[in-house]
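Engineer: Here's a sequence, model it:
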Amino acid sequence: MNEENQQSEPCQSGQNHQDILVLRERDKMCGTDHNPNPASPNKRPSANGNGTRRSSVSPDTVLNLEQGDPTVFEPYWKKMGDKCTMVISGGQWMSYVSDFTNICFFLEPEFEDAVRRLHRTVGNAVVDGRHIVVGTGSTQLYQAALYALTSPGGTEPISVVSAAPYYSSYPDETDYLRSGLYRWAGDAYAFDKKGHGDYIEVVNTPNNPDGTNRKAVVKNRPDDQVQGKLIHDLAYYWPQYTPITAPVDEDIMYFTFSKSTGHAGSRIGWAIVKDKEVAKKMAKFVEMSSLGVSKDSQHRAAKIMGVICDGYQNYKAKNPELFFEHCQNLMTERWERLREVVERIDIFSLPKYPKEYCLFSGEFNEPHPAFAWLKCKENIDLEKFIRGCIKVQGRTGRKFGTDQNYLRISMLSKDEVFDHFLERLSTIKAISNGY
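Structural biologist: Here you go, the predicted model:
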């Protein structure tokens, strides 16, 4: 859940129990103008011509890197100018209905066509012969998938599991409605399917928070008596985050406009579903919970997806101005800068990812996930430490079903916020005494 309203807790020495001691060059406070990291300079070109500009981020500002708000892609779309502009008249798209003959009657045909075209362009999912269900972001589609796989229900709720570290919102989203159809049952690695019966396993790949590629855990254990069903959360299976190694072809796969293009405010997601009856149930859930999905948002998403695909259709050779190449270069640069800082201060560690051949780019690429999964070498409450000492809010590993010395940090913030994060992180010199 969101913790951005927490108050920062400054580091103190002389506590009654074990202390955390942060040593900084020249004893400066966190987030000062001192910049020990040449990879993240304070100075930027200025509109007033004096060579620098005053930062809008003060040293006392808590940098919120807890949420994955994809504002990093905003400059690219601003640079696109009017290519994505559309005019909606007062009389357009007024009906609830798009097509009553479609399983998902509120799905706009233009949006469905754009989704299929985008996946064919990228090659990350099989869409031929599959049903498309549109939802208000992937959160609603997750709930719709749970409903579709568990209704009409049995004597006991069906267990829902995901391998730790799992996406921190899965437990709350699963249990929020207090449904009698399903319940959150925790870490898939620890799940005993013989003792709990039928289950649903959520496979998040690339995984949020640690960026690793995942496969089902429970389903691969030998046990023919227990029926397991899978939901694949593929929000981050796009070329800017990870190599596209194959088109995924699973029973239920869902994606989100938020992470594919960065347009989180449009609140659009879609599921690709094999089974017609499951797709019908998912569409029914969306109908009953929100009576469909905004047609305005669907058409905006279709327009933007079309601009992306047109770019690849018109440019046969690799072009750094195309969306996925641009964003891949951007994420690569950010990860290189972060790794440089982490290696220099030698207090934290980051996952190492193998290079894999990407069918989309035609090259061997290393993943550059949307989140950094930071681990402290000391067994401390890393969320509390980072917030108190350098005024950066991340999300604790405890919310992902793992230890407190892990912290998830968003890599998708605006440039200025990311620069300040690296600058502040660089000021940490040592941690002594732990907790």
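Engineer: can you tell me the helix or strand for residue 270?
Structural biologist: Per DSSP states H and E: residue 270 is located in strand 269-273.
Engineer: Quick check: buried residues in that strand?
Structural biologist: Residues of strand 269-273 classed as buried by neighbour count (16 or more other CB atoms under 10 Å): 269-273. Bear in mind the C-beta positions are built from the backbone N, C-alpha and C, glycine included.
Engineer: from the chain's centre, how far out does it sit?
Structural biologist: Chain-centre distance of strand 269-273: 16 Å, with CA atoms, centre = their mean, to the nearest Å.
Engineer: just checking, next helix/strand downstream of it?
Structural biologist: Following strand 269-273 in sequence order, the next helix or strand is helix 276-290 (DSSP H and E).
Engineer: how much does that following helix deviate in direction from strand 269-273?
Structural biologist: With axes from the mean of the first three to the mean of the last three CA atoms, to 10 degrees defining the directions, helix 276-290 sits at 160 degrees from strand 269-273.
Engineer: which strands and helices sit next to helix 276-290?
Structural biologist: Packing partners of helix 276-290 (3 or more CB pairs under 8 Å, 6 or more residues apart in numbering; DSSP states H and E): strand 131-135, helix 137-150, strand 269-273.
Engineer: Could you pull out the buried residues of stretch 75-93?
Structural biologist: Residues of stretch 75-93 classed as buried by neighbour count (16+ other CB under 10 Å): 77, 80, 84.
Engineer: and the angle for the strand holding residue 270 with strand 131-135?
Structural biologist: Orientation check (the same axes, to 10 degrees): strand 269-273 against strand 131-135 gives 160 degrees.
Engineer: Tell me which strands strand 269-273 pairs with, and in which orientation.
Structural biologist: If you go by DSSP bridges, strand 269-273 pairs up with strand 131-135 (antiparallel), strand 252-256 (antiparallel).
Engineer: what's next to it, contact-wise?
Structural biologist: Defining contact as CB atoms under 8 Å, 6 or more residues apart in numbering, one finds that strand 269-273 is touched by 111, 115, 119, 125-127, 130-141, 144-145, 251-258, 279, 282.
Engineer: re the thing from before, now mean pLDDT and distance to residue 330 too, for the helices and strands packed on helix 276-290, in a markdown table please.
Structural biologist: What follows is the helices and strands packed on helix 276-290, written out as a markdown table (pLDDT from 0 to 100; distance: least, CB to CB, whole Å):
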| stretch | mean pLDDT | distance to residue 330 |
| --- | --- | --- |
| strand 131-135 | 98 | 28 |
| helix 137-150 | 97 | 23 |
| strand 269-273 | 98 | 23 |
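Engineer: Which among the ones you listed is found nearest to residue 311?
Structural biologist: Nearest to residue 311, of all these, is strand 269-273, at 20.8 Å by CB to CB.
Engineer: okay, that closest one in CSV with CA atoms only?
Structural biologist: What follows is strand 269-273, C-alpha atoms only, in CSV (Å, rounded to 0.1, in the frame of the first residue of the first chain):
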residue,chain,number,x,y,z
GLY,A,269,-5.3,-2.5,-19.3
TRP,A,270,-6.1,-5.6,-21.4
ALA,A,271,-6.1,-9.3,-21.0
ILE,A,272,-5.4,-11.9,-23.7
VAL,A,273,-7.5,-15.0,-22.9
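Engineer: So, low pLDDT: which residues of the stretch 251-400 of the chain?
Structural biologist: Within the stretch 251-400 of the chain, the stretches with pLDDT under 70 are 316-317.
Engineer: mind listing the helices for it?
Structural biologist: 257-260, 276-290, 295-314, 323-345, 382-390 (DSSP state H, counting those that start in this stretch).
Engineer: circling back: now the helices and strands packed on helix 276-290 in JSON lines, please, with extra columns for distance to residue 239.
Structural biologist: Converted to JSON lines, these look like this (distance: least, CB to CB, whole Å):
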{"stretch": "strand 131-135", "distance to residue 239": "21"}
{"stretch": "helix 137-150", "distance to residue 239": "19"}
{"stretch": "strand 269-273", "distance to residue 239": "18"}
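Engineer: Looking at the ones you listed, which one is packed in the most?
Structural biologist: Mean neighbours per residue, mean count of other CB atoms under 10 Å, is largest over the helices and strands packed on helix 276-290 for strand 269-273, with a mean of 28.
Engineer: what's near enough to touch residue 154?
Structural biologist: residue 198.
Engineer: how much space between it and residue 383?
Structural biologist: Between residue 154 and residue 383 the computed distance is 39 Å (CB to CB, to the nearest Å).
Engineer: How about residue 293?
Structural biologist: Distance, residue 293 to residue 383, using CB to CB: 35 Å.
Engineer: Now find how far off-centre the strand or helix carrying residue 423 is within its chain.
Structural biologist: Using DSSP H and E, residue 423 falls within helix 415-426. Using CA atoms, centre = their mean, the mean C-alpha position of helix 415-426 is found 20 Å from that of the whole chain.
Engineer: Give me the spatial nearest neighbour of residue 73, chain neighbours excluded.
Structural biologist: Nearest non-adjacent residue to residue 73, counting by CB to CB, 6 or more residues apart in numbering: residue 262, 3.2 Å away.
Engineer: wait, isn't the one you found in contact with residue 78?
Structural biologist: No. Between residue 262 and residue 78 no contact is recorded; they are 11.3 Å apart, counting by CB atoms under 8 Å.
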